[in-house]
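A.B. asks: sequence and predicted model, in that order:
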Amino acid sequence: MLRGKTIIVTGANSGIGKATAAELLRRQGRVIMACRDRERAEKAALEIQQETGPDRGELVIKLLDLASLKSVRSFCEEILKEEPKIDVLINNAGIYQCPYTQTEDGFEMQFGVNHLGHFLLTNLLLDLLKRSAPSRIIVVSSKLYKYGEINFDDLNSEKTYDKAFAYSRSKLANLLFTLELSRKLEETGVTVNALTPGIVRTNLGRHVYIPMLVKPLFNLASWAFFKSPEAGAQTSIYLACSPDVEGVQGKCFANCQEEQLLDKATDEEVAKRLWDISEVLVGITT
(Lines give C-alpha, C1' and ligand atoms only; values in the text may rest on other atoms or scores of the structure.)
Protein backbone atom coordinates (compact mmCIF):
# COMPACT_ATOMS: atom_id res chain seq x y z
CA MET A 1 0.00 0.00 0.00
CA LEU A 2 1.10 3.55 -0.71
CA ARG A 3 -0.98 5.30 1.93
CA GLY A 4 0.87 8.42 3.06
CA LYS A 5 3.12 8.47 -0.02
CA THR A 6 3.16 11.36 -2.51
CA ILE A 7 4.03 10.55 -6.11
CA ILE A 8 4.45 12.96 -9.04
CA VAL A 9 3.77 11.53 -12.52
CA THR A 10 4.54 13.75 -15.53
CA GLY A 11 2.30 13.25 -18.56
CA ALA A 12 -0.29 11.45 -16.44
CA ASN A 13 -3.31 12.23 -18.61
CA SER A 14 -2.75 9.54 -21.27
CA GLY A 15 -0.99 6.30 -22.15
CA ILE A 16 1.51 4.81 -19.73
CA GLY A 17 1.40 7.86 -17.44
CA LYS A 18 -2.35 7.57 -17.00
CA ALA A 19 -2.17 3.80 -16.37
CA THR A 20 0.66 4.39 -13.85
CA ALA A 21 -1.29 7.10 -12.03
CA ALA A 22 -4.40 4.88 -11.86
CA GLU A 23 -2.53 1.94 -10.34
CA LEU A 24 -0.69 4.10 -7.78
CA LEU A 25 -3.99 5.70 -6.81
CA ARG A 26 -5.56 2.27 -6.49
CA ARG A 27 -2.79 1.45 -4.02
CA GLN A 28 -3.90 4.51 -2.01
CA GLY A 29 -1.04 6.80 -2.98
CA ARG A 30 -1.41 10.55 -3.24
CA VAL A 31 -0.81 11.12 -6.93
CA ILE A 32 0.06 14.49 -8.44
CA MET A 33 -0.76 14.48 -12.15
CA ALA A 34 1.67 16.92 -13.77
CA CYS A 35 0.05 17.74 -17.12
CA ARG A 36 0.28 20.39 -19.81
CA ASP A 37 -3.44 20.72 -20.55
CA ARG A 38 -5.85 21.23 -17.66
CA GLU A 39 -8.96 20.16 -19.58
CA ARG A 40 -7.43 16.88 -20.73
CA ALA A 41 -6.00 16.28 -17.26
CA GLU A 42 -9.40 16.80 -15.62
CA LYS A 43 -11.06 14.41 -18.07
CA ALA A 44 -8.36 11.79 -17.40
CA ALA A 45 -8.62 12.33 -13.62
CA LEU A 46 -12.36 11.69 -13.76
CA GLU A 47 -11.81 8.45 -15.72
CA ILE A 48 -9.08 7.34 -13.30
CA GLN A 49 -11.31 8.02 -10.28
CA GLN A 50 -14.22 6.07 -11.78
CA GLU A 51 -11.89 3.20 -12.59
CA THR A 52 -10.19 3.01 -9.19
CA GLY A 53 -13.27 2.92 -6.98
CA PRO A 54 -13.98 4.57 -3.62
CA ASP A 55 -11.11 3.10 -1.59
CA ARG A 56 -8.40 4.99 -3.47
CA GLY A 57 -5.80 7.61 -2.64
CA GLU A 58 -5.94 11.30 -3.50
CA LEU A 59 -5.55 12.73 -6.98
CA VAL A 60 -4.17 16.23 -7.53
CA ILE A 61 -3.81 18.02 -10.89
CA LYS A 62 -0.96 20.48 -11.44
CA LEU A 63 -0.07 22.28 -14.64
CA LEU A 64 3.36 21.48 -16.05
CA ASP A 65 4.50 22.22 -19.60
CA LEU A 66 7.91 20.62 -20.08
CA ALA A 67 8.40 22.66 -23.27
CA SER A 68 8.66 25.78 -21.10
CA LEU A 69 11.41 26.23 -18.50
CA LYS A 70 9.28 28.98 -16.96
CA SER A 71 6.41 26.52 -16.50
CA VAL A 72 8.79 23.93 -14.98
CA ARG A 73 10.06 26.54 -12.51
CA SER A 74 6.60 27.68 -11.46
CA PHE A 75 5.41 24.07 -11.07
CA CYS A 76 8.37 23.35 -8.78
CA GLU A 77 7.81 26.54 -6.77
CA GLU A 78 4.23 25.44 -6.17
CA ILE A 79 5.27 21.92 -5.14
CA LEU A 80 7.97 23.20 -2.77
CA LYS A 81 5.49 25.57 -1.19
CA GLU A 82 2.66 23.06 -0.80
CA GLU A 83 4.21 19.63 -0.38
CA PRO A 84 6.05 18.65 2.81
CA LYS A 85 7.56 15.64 0.97
CA ILE A 86 7.80 13.75 -2.31
CA ASP A 87 8.32 10.02 -2.12
CA VAL A 88 8.49 9.25 -5.84
CA LEU A 89 9.06 11.36 -8.97
CA ILE A 90 8.19 9.59 -12.24
CA ASN A 91 9.58 11.39 -15.30
CA ASN A 92 7.18 9.82 -17.76
CA ALA A 93 6.00 12.50 -20.23
CA GLY A 94 7.44 12.31 -23.71
CA ILE A 95 7.10 13.56 -27.26
CA TYR A 96 7.67 11.07 -30.07
CA GLN A 97 8.93 11.79 -33.58
CA CYS A 98 7.26 15.16 -34.05
CA PRO A 99 8.06 17.42 -37.03
CA TYR A 100 10.84 19.92 -36.30
CA THR A 101 9.59 22.43 -33.75
CA GLN A 102 11.20 24.34 -30.94
CA THR A 103 10.25 24.77 -27.32
CA GLU A 104 9.47 28.18 -25.85
CA ASP A 105 13.19 28.47 -25.00
CA GLY A 106 14.41 27.54 -28.49
CA PHE A 107 15.34 23.88 -27.93
CA GLU A 108 14.48 21.14 -30.42
CA MET A 109 11.14 19.87 -29.08
CA GLN A 110 12.00 16.21 -28.36
CA PHE A 111 15.33 17.00 -26.70
CA GLY A 112 13.74 19.95 -24.88
CA VAL A 113 10.76 18.05 -23.44
CA ASN A 114 12.10 14.51 -23.05
CA HIS A 115 15.47 15.52 -21.62
CA LEU A 116 15.91 19.18 -20.65
CA GLY A 117 12.45 19.79 -19.15
CA HIS A 118 12.78 16.73 -16.93
CA PHE A 119 16.41 17.60 -16.16
CA LEU A 120 15.37 20.97 -14.72
CA LEU A 121 12.31 19.52 -12.97
CA THR A 122 14.37 16.85 -11.20
CA ASN A 123 17.11 19.26 -10.17
CA LEU A 124 14.65 21.76 -8.70
CA LEU A 125 12.93 19.03 -6.68
CA LEU A 126 16.13 17.28 -5.53
CA ASP A 127 16.43 18.96 -2.14
CA LEU A 128 12.86 18.03 -1.25
CA LEU A 129 13.44 14.46 -2.47
CA LYS A 130 16.54 14.27 -0.27
CA ARG A 131 14.60 15.55 2.74
CA SER A 132 11.95 12.90 1.99
CA ALA A 133 14.47 10.02 1.77
CA PRO A 134 14.19 7.14 1.24
CA SER A 135 12.70 8.41 -2.02
CA ARG A 136 12.82 7.37 -5.64
CA ILE A 137 13.22 8.96 -9.08
CA ILE A 138 12.08 6.97 -12.10
CA VAL A 139 13.01 7.89 -15.67
CA VAL A 140 11.03 6.47 -18.59
CA SER A 141 13.38 5.88 -21.54
CA SER A 142 12.92 3.65 -24.61
CA LYS A 143 14.73 0.78 -26.32
CA LEU A 144 15.04 3.14 -29.29
CA TYR A 145 17.92 4.80 -27.41
CA LYS A 146 20.03 2.25 -29.30
CA TYR A 147 19.72 4.33 -32.48
CA GLY A 148 20.68 7.62 -30.83
CA GLU A 149 23.99 9.43 -30.53
CA ILE A 150 24.86 12.44 -28.41
CA ASN A 151 26.31 14.84 -30.95
CA PHE A 152 27.62 17.74 -28.86
CA ASP A 153 28.17 19.79 -32.03
CA ASP A 154 24.47 19.72 -32.89
CA LEU A 155 22.48 18.94 -29.76
CA ASN A 156 19.69 21.20 -30.95
CA SER A 157 19.40 19.57 -34.41
CA GLU A 158 19.98 22.90 -36.12
CA LYS A 159 22.29 21.46 -38.78
CA THR A 160 20.23 18.36 -39.55
CA TYR A 161 16.94 17.05 -38.20
CA ASP A 162 15.71 13.51 -38.39
CA LYS A 163 12.67 13.05 -36.14
CA ALA A 164 13.39 9.37 -35.40
CA PHE A 165 17.05 10.05 -34.63
CA ALA A 166 16.13 13.04 -32.44
CA TYR A 167 13.74 10.88 -30.42
CA SER A 168 16.40 8.18 -29.97
CA ARG A 169 18.90 10.81 -28.88
CA SER A 170 16.51 12.21 -26.27
CA LYS A 171 15.95 8.69 -24.88
CA LEU A 172 19.71 8.04 -24.77
CA ALA A 173 20.02 11.35 -22.92
CA ASN A 174 17.49 10.01 -20.35
CA LEU A 175 19.77 7.03 -19.64
CA LEU A 176 22.92 9.16 -19.39
CA PHE A 177 21.05 11.54 -17.07
CA THR A 178 20.10 8.56 -14.87
CA LEU A 179 23.72 7.40 -14.82
CA GLU A 180 25.19 10.74 -13.76
CA LEU A 181 22.39 11.50 -11.30
CA SER A 182 22.85 8.11 -9.61
CA ARG A 183 26.51 9.01 -9.06
CA LYS A 184 25.53 12.33 -7.49
CA LEU A 185 22.89 10.73 -5.26
CA GLU A 186 25.11 8.13 -3.59
CA GLU A 187 24.59 8.06 0.19
CA THR A 188 21.59 10.45 0.02
CA GLY A 189 18.82 7.86 0.37
CA VAL A 190 17.42 8.95 -3.00
CA THR A 191 17.60 6.36 -5.78
CA VAL A 192 17.22 6.89 -9.51
CA ASN A 193 16.54 4.16 -12.06
CA ALA A 194 15.37 4.12 -15.67
CA LEU A 195 13.11 1.78 -17.58
CA THR A 196 12.15 0.90 -21.15
CA PRO A 197 8.44 0.05 -21.36
CA GLY A 198 8.50 -1.72 -24.75
CA ILE A 199 6.05 -1.03 -27.59
CA VAL A 200 2.82 0.23 -26.12
CA ARG A 201 -0.46 1.32 -27.72
CA THR A 202 -0.51 5.02 -26.81
CA ASN A 203 -1.11 8.28 -28.65
CA LEU A 204 2.65 8.84 -28.61
CA GLY A 205 2.79 7.81 -32.27
CA ARG A 206 0.40 10.52 -33.43
CA HIS A 207 3.09 12.18 -35.57
CA VAL A 208 3.99 8.95 -37.35
CA TYR A 209 2.57 8.75 -40.87
CA ILE A 210 0.78 5.51 -41.70
CA PRO A 211 -0.77 5.25 -45.21
CA MET A 212 -4.59 5.00 -45.25
CA LEU A 213 -4.61 1.57 -46.90
CA VAL A 214 -2.34 0.10 -44.25
CA LYS A 215 -4.05 1.76 -41.28
CA PRO A 216 -6.66 -0.95 -40.52
CA LEU A 217 -3.93 -3.58 -40.75
CA PHE A 218 -1.62 -1.53 -38.54
CA ASN A 219 -4.39 -1.05 -35.95
CA LEU A 220 -5.07 -4.77 -35.94
CA ALA A 221 -1.38 -5.58 -35.56
CA SER A 222 -0.97 -3.06 -32.75
CA TRP A 223 -3.77 -4.78 -30.78
CA ALA A 224 -2.16 -8.14 -31.39
CA PHE A 225 1.47 -7.30 -30.70
CA PHE A 226 1.74 -4.05 -28.75
CA LYS A 227 1.33 -3.87 -24.99
CA SER A 228 -1.67 -2.17 -23.45
CA PRO A 229 -0.85 0.99 -21.48
CA GLU A 230 -1.56 -1.02 -18.31
CA ALA A 231 1.03 -3.65 -19.28
CA GLY A 232 3.45 -0.89 -20.35
CA ALA A 233 3.10 0.79 -16.95
CA GLN A 234 4.07 -2.31 -14.94
CA THR A 235 7.79 -1.53 -14.70
CA SER A 236 7.12 2.08 -13.65
CA ILE A 237 4.80 0.78 -10.92
CA TYR A 238 7.35 -1.86 -9.88
CA LEU A 239 10.11 0.75 -9.56
CA ALA A 240 7.79 3.08 -7.62
CA CYS A 241 6.52 0.50 -5.13
CA SER A 242 8.56 -2.67 -4.91
CA PRO A 243 10.77 -3.36 -1.88
CA ASP A 244 12.97 -5.44 -4.26
CA VAL A 245 14.51 -2.27 -5.70
CA GLU A 246 15.08 -0.46 -2.43
CA GLY A 247 18.59 0.97 -2.54
CA VAL A 248 19.08 -0.08 -6.18
CA GLN A 249 20.80 2.78 -7.98
CA GLY A 250 21.46 3.80 -11.58
CA LYS A 251 20.07 0.71 -13.31
CA CYS A 252 17.68 0.27 -16.23
CA PHE A 253 14.75 -2.13 -16.12
CA ALA A 254 12.49 -3.80 -18.68
CA ASN A 255 9.56 -6.05 -17.75
CA CYS A 256 10.47 -5.56 -14.07
CA GLN A 257 13.93 -7.10 -14.65
CA GLU A 258 17.29 -5.38 -14.84
CA GLU A 259 18.30 -4.74 -18.45
CA GLN A 260 21.81 -4.69 -19.89
CA LEU A 261 22.50 -1.43 -21.72
CA LEU A 262 24.76 -0.71 -24.67
CA ASP A 263 28.09 0.94 -23.86
CA LYS A 264 26.90 4.28 -25.23
CA ALA A 265 24.32 4.46 -22.41
CA THR A 266 26.87 3.72 -19.68
CA ASP A 267 29.62 6.12 -20.79
CA GLU A 268 30.39 8.13 -17.66
CA GLU A 269 32.40 10.76 -19.50
CA VAL A 270 29.61 11.53 -21.98
CA ALA A 271 27.07 11.47 -19.12
CA LYS A 272 29.05 14.04 -17.16
CA ARG A 273 29.56 16.29 -20.18
CA LEU A 274 25.86 16.12 -21.09
CA TRP A 275 24.98 16.99 -17.48
CA ASP A 276 27.26 20.03 -17.46
CA ILE A 277 25.89 21.31 -20.77
CA SER A 278 22.30 20.68 -19.67
CA GLU A 279 22.91 22.77 -16.54
CA VAL A 280 24.01 25.67 -18.72
CA LEU A 281 21.10 25.25 -21.15
CA VAL A 282 18.43 25.28 -18.43
CA GLY A 283 20.14 28.01 -16.44
CA ILE A 284 21.06 26.11 -13.29
CA THR A 285 24.11 27.46 -11.57
CA THR A 286 25.58 25.24 -8.88
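C.D. replies: It's in.

A.B. asks: how about the contacts made by the closest residue to L172 other than its chain neighbours?
C.D. replies: In this structure, L172 finds its nearest non-sequential neighbour in G148, 3.8 Å apart by C-beta to C-beta, 6 or more residues apart in numbering. Where you see a C-beta, it was placed from the backbone N, CA and C, and this is true even at glycine. Residues counted as contacts of G148 (C-beta atoms under 8 Å, 6 or more residues apart in numbering) are 165, 167-173, 264.

A.B. asks: let me see the ranges of the strands in the stretch 51-200 of the chain.
C.D. replies: Assigned by DSSP state E, counting those that start in this stretch, the strands in the stretch 51-200 of the chain fall at 58-63, 88-91, 135-140, 190-195.

A.B. asks: direction included, what does the first one pair up with?
C.D. replies: Strand 58-63 has these partner strands in its sheet, going by DSSP bridges: strand 30-35 (parallel).

A.B. asks: buried ones only from the contacts of G148, please, as a ChimeraX command.
C.D. replies: Selecting only the buried entries of the contacts of G148 in ChimeraX, with 16 or more other C-beta atoms under 10 Å as the criterion:
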select :165,167,168,169,170,171,172,173
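
A.B. asks: which one of the contacts of G148 is nearest P84?
C.D. replies: Nearest to P84 among the contacts of G148, counting by C-beta to C-beta, is A173 at 31.4 Å.

A.B. asks: okay, helices next: where are they in this structure?
C.D. replies: Remark: helices assigned in the chain by DSSP state H are 15-26, 38-52, 69-82, 109-110, 118-131, 163-184, 215-225, 229-232, 234-241, 268-282.

A.B. asks: out of those, which gets the lowest mean score?
C.D. replies: Lowest mean pLDDT within these: helix 215-225, at a mean of 55.

A.B. asks: still on that earlier bit, can you add distance to P134 and give the contacts of G148 back as JSON lines?
C.D. replies: Listed next are the contacts of G148 as JSON lines, based on distance: C-beta to C-beta, whole Å:
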{"residue": "F165", "distance to P134": "38"}
{"residue": "Y167", "distance to P134": "33"}
{"residue": "S168", "distance to P134": "33"}
{"residue": "R169", "distance to P134": "32"}
{"residue": "S170", "distance to P134": "29"}
{"residue": "K171", "distance to P134": "27"}
{"residue": "L172", "distance to P134": "28"}
{"residue": "A173", "distance to P134": "26"}
{"residue": "K264", "distance to P134": "30"}
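
A.B. asks: so which of the contacts of G148 comes closest to L24?
C.D. replies: K171 (23.1 Å).

A.B. asks: need the contact list for I150.
C.D. replies: I150 is in contact with 169, 172-173, 176, 264, 270, 274, counting by C-beta under 8 Å, 6+ apart.

A.B. asks: how about 7 Å then?
C.D. replies: Applying C-beta atoms under 7 Å, 6 or more residues apart in numbering to I150 gives the contacts 169, 172-173, 176, 270, 274.

A.B. asks: so how far is K130 from N92?
C.D. replies: N92 sits at a distance of 21 Å from K130 (criterion: C-beta to C-beta, to the nearest Å).
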